[in-house]
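**Student:** Just a sequence and a predicted model for now, questions to come.
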Amino acid sequence: MTAWTKEELRKIAEADDLHVAPFREDGVTYGTPTWIWSVAVDDALYVRGYNGLNSRWYQAAVQQKAGRIIAAGITKEAVFEPVEGPITIASTMPTGQNTKAAHTLSR
């Protein structure tokens, strides 16, 4: 997978309307697109669910590690990578949410 372009990240950040669809258990079929919180920092895109680690999309992303995202008229295949330890974008996350539920997305 390649890095996001600055233009793609700008469009996604401005749209604030990202949907994620990790693969289902068969590793081929996409799950139902789910609207999620996202933020672009430097050259990375971070996403997280309202229910943190308990989000169904998060559980699928941890298991399958791939799927796609849809945002700002962009549909891309994506790789999900969990964020370990403290993350620098925690201050932009909603209060009371578990920051360990964040994922980076590579395309």
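**Tutor:** Great, that's in hand.
**Student:** could you pull out the helices for the protein?
**Tutor:** All helices of the chain, identified by DSSP state H, fall at 6-15, 56-64.
**Student:** Any idea which of these gets closest to residue 28?
**Tutor:** Each of the helices of the chain has some distance to residue 28 by CB to CB; the shortest is helix 56-64, at 10.0 Å. All C-beta spots, glycine's among them, are computed from the backbone N, C-alpha and C.
**Student:** Against which helices or strands is the closest one packed?
**Tutor:** In this structure, helix 56-64 packs against strand 18-22, strand 34-41, strand 74-82, with contacts taken as 3 or more CB pairs under 8 Å, 6 or more residues apart in numbering; DSSP states H and E.
**Student:** Tell me which of these lies nearest to residue 53.
**Tutor:** The nearest among the helices and strands packed on helix 56-64, by CB to CB, is strand 74-82 at 9.8 Å.
**Student:** ok so, going back, what's the most buried one of the helices and strands packed on helix 56-64?
**Tutor:** Ranked by average neighbour count under the criterion mean count of other CB atoms under 10 Å, the helices and strands packed on helix 56-64 are headed by strand 18-22 at a mean of 22.
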